[in-house]
Every structure is written in C-alpha cells, then in structure tokens.
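Enquirer: here is my input; please provide its structure:
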Amino acid sequence: MRPAVFPAIAAALVIGLAACASSGQAGVDDAAPDLTDPVVLKVTNQNFYDATVFVLTGSRRQRLGHVPSQGQRTFTFSWVDPQVRLELVLQSVGTYRTESITISSGESLEYAIPPDAHRRARRL
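Expert: As a prediction, this is how the structure comes out:
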C-alpha cells in the first residue's frame, strides 16, 4: 500500500502549488504600473565643490553616489515613497537639502546643483 500513497501525495503537492501560484495573479491588470520600476536621477553639478548625493524618503537616507565639480552623473534608486528630498553633501563646505519632490515609479528626473549651493549649505 505504501507505493500507492506516494503518487497521491505527489499529485496533491503539484495541484496545491499550481493553485497557490495562480491565486497570486487573479485580478491583476496588465496595464497597471509596476511599482518596482526604479527612478532614474540625472544630476548636473554646476558648483565648484564635489558633491555626494543622497535621497531622503521618510526616515530613510540612501547614498546614491558622487558627482564631481562641474560634472554629471546618472543614478537609479528604488521607488519607495512619492515624496523625496535630495541631500547634497558638498565637500569641505556642508550639506544642502532640496525641497520635497513628488515622483512616481519609473520616472526620470534631472536635477542641477546650483552654482551658489555652497552659500546655502549648512554644517550638520
């Protein structure tokens, strides 16, 4: 009797896994935006100081990378919240934060660090 039990258990597992896999997709609209699409941020540094760029979402602070003086870099980060701020740490000067920016998943943004950002930077 043992050999007949094993195929029945195997068949039940296959049917159960197939049901679980298909139940997660029920009612999903193919046209709905994918909230996991990364946000692309192109930063142009018009300042004479090198900058390290961070993105602030809620209480989260994520380092994106370094943009040299008069340089340009493109970064990607995960969309977590529709409201973000950029934090720019200007080398040897201080920190400058932007106003809140509204973004969507998969959006592409461009930001220029102003030539006078070092005058508005504060030591934190």
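
Enquirer: now the helices: where do they sit in this protein?
Expert: In order along the chain, the chain carries the following helices (DSSP state H): 2-23, 117-120.

Enquirer: these: lowest mean pLDDT?
Expert: Among the helices of the chain, helix 2-23 carries the lowest mean pLDDT, a mean of 47.

Enquirer: which residue sits closest to residue 101, ignoring its sequence neighbours?
Expert: Spatial nearest neighbour of residue 101, chain neighbours left out: residue 84 (5.4 Å); criterion: CB to CB, 6 or more residues apart in numbering. (Glycine included, C-beta is placed from N, CA and C.)

Enquirer: around the one you found, how many other residues sit close by?
Expert: Other residues near residue 84 come to 22 when the count uses other CB atoms under 10 Å.

Enquirer: can you check the one 5 residues further on too?
Expert: Around residue 89 there are 18 other residues, counting by other CB under 10 Å.

Enquirer: in this structure, where is pLDDT below threshold?
Expert: Scanning the chain with the threshold set as pLDDT under 70 gives 1-35, 121, 123-124.

Enquirer: which residues of it fall in strands?
Expert: For the chain, the strands defined by DSSP state E cover 39-45, 51-57, 60-67, 72-77, 83-90, 94-97, 101-102, 108-113.

Enquirer: for the fifth one, buried residues please.
Expert: Taking 16 or more other CB atoms under 10 Å as the basis for neighbour counts, the residues of strand 83-90 that come out buried are 84, 86-90.

Enquirer: hmm, who's touching that strand?
Expert: With contacts defined as CB atoms under 8 Å, 6 or more residues apart in numbering, strand 83-90 is touched by 41, 47, 49-57, 61, 95-103, 111, 113, 117-118, 121.

Enquirer: buried only: go through those residues for me.
Expert: When burial is judged by neighbour count using 16+ other CB under 10 Å, the buried members of those are 41, 47, 49-51, 53-57, 95-96, 103, 111, 113, 117-118, 121.
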